Each structure stands twice: as structure tokens, then as C-alpha cells.
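Colleague: quick one, what's the 3D model for this:
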Amino acid sequence: MPSEGLHIDHVIYAVMDVDIAAERLQREYGLGSLPGGVLQGGTTNRIVPLAPPVFLELVGVADPTLPDGAWLSETLAGRDRVLWWCLGVDDMDDTAERRGLPIQSAEMEMVDGPPRLFRTAGMPQYPRPFFISFEMEPEALMRLRETRYREAAHECEPGGFTFVEVGDSPEMLGAWLGDHDLSVRHVPDKPSGIHAVGIETARGEVVLR
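Modeller: Below is the predicted model:
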């Protein structure tokens, strides 16, 4: 089977308060962050740019009376944690067709720039990882993420993700992902989904759970 170019585009770190979480990541690990997109449904976010093109997305509860904010607040139960992971692909049409998945197109308003157009597949399969592609030339996307990396003013020179820890069995996740060279650690005593992620930095590996 031809490679799909699977790579971790971003990991979602869900938090009760996005500003408090961003300050903590800066204080404890030297990870800077920037404003993200304009989210609807009661959540908000910030972006921690890692070695381009990957990033950590902080998604926080903004209004627990709205559907997304209520779900996130209930899911977190007061504890910040790694919630989801997202895979970039070379060809979204091919990736979706292989798995019999519909493709959703979306546009997100950004706090500090033009809207981002992107396509996803597999989001209704949470907590399995979903797939994403951006409607932007790869070179332009890389330049954008390089700029955001510099603007974040990190104090720790973060690199990329070193691993993801998941509760899914190798057989189940393998059937979903197909051929890949992702650094995945399986923990059979935990429920399906992501439970931890490692981030390379000049200060040493940062592990978020």
C-alpha cells in the first residue's frame, strides 16, 4: 500500500482555562504560545508552535453553558489533559477513500491573520486520531508556521513530538492508520485515545498527560 505521508500535525491539550494553562507551560517549560482561531460553541484556544510545521493546540472552556464548552468541561472534570491527536496527510481524498470516511471542509477565522481553509476526515470517530489537510501550498504553510514559531518567543527551543501514548491496541490502531512510522506507545490498561505526549526541547523532553 502506498504511503500516505502520515505525520502528527498537532496534539490537542484540553484545559479548563486556556490563559492559565498557557502561563503555566511558559513558566514550567519555557513554551510560548500565540492566539489561535475564533472557536464557536463555548471553547477558546491558543497555539504552541513547535518545530515547524507541528504544533500543540490548547483548547479551553470559555462558556460551559454552550454545547462544546459544556462537553469539554464535563470531559475534563476540572483536570487539564491531553485529549486528541490529529494527523496530516499527503492526499486527503485518498486517505478518506481508503477508510470510507466523508470529508468535511471548514474555514476558521484567526485572531491574528486571514481565515484558514482546511479539510478533515474521521472527527466523528473520537477518540481515534483524525486526519487534516490545509488548503494552502505546503511551502506557504511552512513559512507561516516558521514565523509563528519565532513569534512565540520560546525559552526552550522546542522540537517536535517524541511520542504519543495511546490506550488503543496495536491491532486496532494499525487498522485505522495503516502503514506508518509514528512513534506510538501502547498502554493496554487504559481506555481508547491519547493519554500522553512527549515534546523535545533544549531543556529536555516535556511530557504532558
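
Colleague: hey, let's count contacts and neighbours off CA atoms from now on
Modeller: Fine.

Colleague: the protein: strands as residue ranges?
Modeller: Using DSSP state E, the strands of the chain run over 7-15, 34-35, 43-49, 55-61, 81-88, 103-110, 113-121, 130-134, 161-166, 184-186, 194-199, 206-208.

Colleague: which one of the ones you listed lies closest to Glu28?
Modeller: Set against Glu28 and scored by CA to CA, the strands of the chain come closest in strand 206-208, at 9.7 Å.

Colleague: and that closest one, what's buried?
Modeller: For strand 206-208, burial by neighbour count (16 or more other CA atoms under 10 Å) applies to Val206.

Colleague: what do you get for stretch 111-129?
Modeller: So stretch 111-129, judged by 16+ other CA under 10 Å, has buried residues Arg119, Thr120, Ala121, Gly122, Met123, Pro127, Arg128, Pro129.

Colleague: who are the contact partners of the first one?
Modeller: Going back to what we said before, that points to Arg119. Met92, Ile103, Gln104, Ser105, Ala106, Ile132, Ser133, Phe134, Glu135 (CA atoms under 8 Å, 6 or more residues apart in numbering).

Colleague: check what pLDDT it gets.
Modeller: pLDDT for Arg119: 97.

Colleague: from the buried residues of stretch 111-129, which is closest to Val48?
Modeller: Checking these against Val48 with CA to CA, the nearest one is Pro129 at 19.2 Å.

Colleague: and the gap between that closest one and Tyr13?
Modeller: Distance, Pro129 to Tyr13, by CA to CA, to the nearest Å: 13 Å.

Colleague: Phe163 too?
Modeller: Remark: distance between Phe163 and Tyr13 (CA to CA) = 15 Å.
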